Structure formats: structure tokens, C-alpha cells
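Participant: Quick one: sequence plus predicted model below, questions after.
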Amino acid sequence: MQVEIMIAGFGGQGVLFAGQLLAYAAMNKDYHVTWYPSYGPEMRGGTANCTVIIADEEIGAPVVGYPQVIMVMNRPSLDKYEGIVKPGGFLIVNTSIIDRAVERKDIQVINVPANQIAEKIGDKRMTNMVMLGALLANLPLLSNEEIAAELRTHLPQRHQNLIGANIQALEEGARFQQEPA
């Protein structure tokens, strides 16, 4: 088993942190893992993405041409990466700020109004966790509880007060997937 996940968006959306949480949780389950970040020089507003590979045997390379799962947080990421999702894979789309429909018909599209859900929780910074919760609901490789454990360990001390909101955002993202449309 090998699962390739790309997370893409603007800097400041928590793209790299979401990928790190996946990587840490997978390592704690004794999977082989790579986390490969890519970002522009801007602190916020520039492009950012990361690729996480989770496997039950050694991983040959951290670079992936056609990931099975791509989570896009903004329109430029959808425009850039929609075409490389592996046929039959998942594309998770933040419909709060992406104003166009996915064109491909050979992939599963998961539309999540992540910004709106995060704002209902009370903090728009939780958008990445809402999206991650939706991803985990559709790819049961790791659980929300395993990600929550990594939040407790890896969230910087200055943000420890946000652990509860992050966990709630994970749960809301997963719950959104379980509700009928």
C-alpha cells in the first residue's frame, strides 16, 4: 500500500502544517513516510504545497507525478493541480473560496465549504483542519484521534490554546462528509 497526498494553497493557510500532521501520525503508526514541502519566499500569500507519501514499505522517491489525493485550498491550486490527480483518485476542494467547478469526470470530487465551517467554529485559521477532517473521512488511513494526538505534540506552545478548536474543526470536516447533501 502506498498513498500519495498533495496539499496546496496560499502560504498562511496551514498547508505545510496539515501535511506535517499527516506525516507525524503515519510515522507513529509505523508507516514509511515522506513529507516534501514547496513554497515561495513570501511568508503569507505566496504559493505553498506539500506532498505526503504514506506506505507500508520503503518509499522510492518523495516526488510524485500523479498523486491519488489532492487537497486544494484556493483557485490557483485547483487550476494548477486538477489535471494531475490520478484517475479514480480524490480532489478535495475548498468551495468557500474556489469559484469554479471541477471539470474532470474520472475522479471523486469532495466539495467542502471549509472557510465557512471554520468561521462557524469561530476561527478562520481552522480551515486547514476542516479540510483535513474531510480528507480523513474519505481516506480512512488515519483517524481524527491520531491527528489530534499530533496536534497536542506539535502545535507550538503559543498556539496550545487552539487545540480544542483544531480538533473541533477536524470533526466538523468529517461530519460535513457524513451529512446528506
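Facilitator: Thanks, I have the structure now. Residues are numbered from 1 along each chain as shown.

Participant: what's the residue nearest to the spatial centre of the chain in contact with, if anything?
Facilitator: The geometric centre of the chain, computed from its C-alpha atoms, lies nearest to residue 132 (CA atoms, centre = their mean), at 4.3 Å. By CB atoms under 8 Å, 6 or more residues apart in numbering, residue 132 lies in contact with 18, 21-22, 71, 147, 170, 173. Where you see a C-beta, it was placed from the backbone N, CA and C, and this is true even at glycine.

Participant: cool, residue 141 as well?
Facilitator: 3, 26, 54.

Participant: Dump the residues you listed to TSV, plus secondary structure.
Facilitator: Listed next are the contacts of residue 141 as TSV, based on DSSP: H, G, I helix; E, B strand; the rest coil:
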residue	secondary structure
3	strand
26	helix
54	strand
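
Participant: where does the protein have low pLDDT?
Facilitator: 40-46, 177-181 (pLDDT under 70).

Participant: Please, where are all the helices along it?
Facilitator: In the chain, the helices defined using DSSP state H lie at 15-28, 75-81, 114-121, 127-138, 144-154, 163-178.

Participant: Export these as a markdown table, with columns for distance to residue 65.
Facilitator: Shown next, in a markdown table, are the helices of the chain (distance: least, CB to CB, whole Å):
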| stretch | distance to residue 65 |
| --- | --- |
| helix 15-28 | 18 |
| helix 75-81 | 12 |
| helix 114-121 | 26 |
| helix 127-138 | 20 |
| helix 144-154 | 27 |
| helix 163-178 | 27 |
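
Participant: nearest to residue 98, of the ones you listed?
Facilitator: Closest to residue 98 of the helices of the chain is helix 75-81 (CB to CB; 5.0 Å).

Participant: any idea how far residue 172 lies from residue 95?
Facilitator: 15 Å (CB to CB, to the nearest Å).
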